[in-house]
Structure formats: structure tokens, C-alpha cells
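Visitor: Got a predicted structure plus its sequence, pasted below:
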Amino acid sequence: MNCPKCNAPLEGNEAFCPSCGVFISQEAPMVPTINVEPSSDSTYNYTDTAPNMHVQATYSHQPGTVPAEIKKWNWGAFFFNIMWGIGNYSYLPLLCLIPIFNIVWIFVCGAKGNEWAWKSGKFNNVEDFLATQATWNRAGFVAFIVGIIFFVLYILVLISIFAVGASSYLYY
């Protein structure tokens, strides 16, 4: 366990940090230790270990690159582009506020959104990222399908209105 203020290593049962003297609350959340080790193939291996927990996970990717499993279409970025961008600390989707340009840019957001969100640095590992984006994907896809259904219903209502109007015009 590490001190929440100065990040000095602690035994786990101290009431005060021996380095900075800050009070260590027993109810305070445990701060995991992250070890970063460069490997020979220019990737970095991140090992998270949480004290008093028997969990250890290792993630490996090159710094500054986007893992392959992230490069896919994002329905949340496509349909909820502005809200999605703000929520994922990626502000390029705000360009959707520009008239006419937004017609093309929503497709760019859907195609490149995952990469932008990953590069924002908000996520520690691919699993957390994919879990968060799965929620955005479901919401965006459902909204897209509902939008298509409403559009089809709108067209059917217009056709029926014009059909009734054209048939009543013949009787005058």
C-alpha cells in the first residue's frame, strides 16, 4: 500500500505515513501499485497489484499506439457524437456543431471515435475501455434503429396524407 499524499510505500497497518506524517485512514481505499517495465520489443508491460487482494493483471501495448481490438466502429460516437466526445475527453466530435461539415464528420466520429477516446488517456486497460464503449455502442445502435423506425413511419404518414389529399382532389 502507498501513502495517498506522497506515494511512499507503507506496511499497511500504520496510522500515519512515516515520510510525510499524513493520517492514514483504515477506511481509505487501497491504492494499487503499478509497475512499468520496458521489454525488448519496445512495448511496456504494466502490472497492477492491489495490496491485500490477490489480483494481478498485466497489460502490454506500445506507448502512443492504439491496440488492434479498439480500432472498430463506434455507434455511440456516431449517433451521440457531441455528448460522447465530452464524456470521453475527446473534443474532435465537437466539430459536428459546424453546419454542412457535420454530415461527413459524424461518419468520421463513428470510424475514429474509439481511437480518439483511447488516446485521451482516460482508460487504464483495454478491458475497461471496451466495457465502457460497449454501453455507448448499445445506446447509439438502439437510438439509430429507433431513428430509422421513426423516419419510415414519417414517410408512411406523408404518403397516406398525400394519397388521401389526391383522392379527395379528384371529387371537386
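Guide: That came through, no problem.

Visitor: Can you tell me how far the residue positioned nearest the centre of the chain is from C96?
Guide: Ranked by distance to the mean C-alpha position of the chain (CA atoms, centre = their mean), the top residue is Q133 at 4.6 Å. Q133 is 18 Å from C96, where distance means CB to CB, to the nearest Å. Glycine gets a C-beta too; all of them are placed from N, C-alpha and C.

Visitor: Extract the C-alpha trace of stretch 153-169 and format it as PDB.
Guide: Once non-C-alpha atoms are left out, stretch 153-169 reads as follows in PDB (Å, rounded to 0.1, in the frame of the first residue of the first chain):
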ATOM      1  CA  LEU A 153     -43.200   5.900 -40.100                       C
ATOM      2  CA  TYR A 154     -42.900   9.600 -41.000                       C
ATOM      3  CA  ILE A 155     -42.600   8.700 -44.700                       C
ATOM      4  CA  LEU A 156     -45.600   6.300 -44.500                       C
ATOM      5  CA  VAL A 157     -47.700   9.100 -42.900                       C
ATOM      6  CA  LEU A 158     -46.700  11.500 -45.600                       C
ATOM      7  CA  ILE A 159     -47.600   9.000 -48.300                       C
ATOM      8  CA  SER A 160     -51.000   8.400 -46.700                       C
ATOM      9  CA  ILE A 161     -51.700  12.100 -46.300                       C
ATOM     10  CA  PHE A 162     -50.900  12.800 -50.000                       C
ATOM     11  CA  ALA A 163     -52.900   9.800 -51.100                       C
ATOM     12  CA  VAL A 164     -56.000  10.900 -49.200                       C
ATOM     13  CA  GLY A 165     -55.400  14.500 -50.400                       C
ATOM     14  CA  ALA A 166     -55.000  13.400 -54.000                       C
ATOM     15  CA  SER A 167     -58.100  11.200 -53.900                       C
ATOM     16  CA  SER A 168     -60.300  14.000 -52.400                       C
ATOM     17  CA  TYR A 169     -59.000  16.400 -55.000                       C
END
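
Visitor: which residues sit against it?
Guide: Taking CB atoms under 8 Å, 6 or more residues apart in numbering as the criterion, no residue outside stretch 153-169 touches it.
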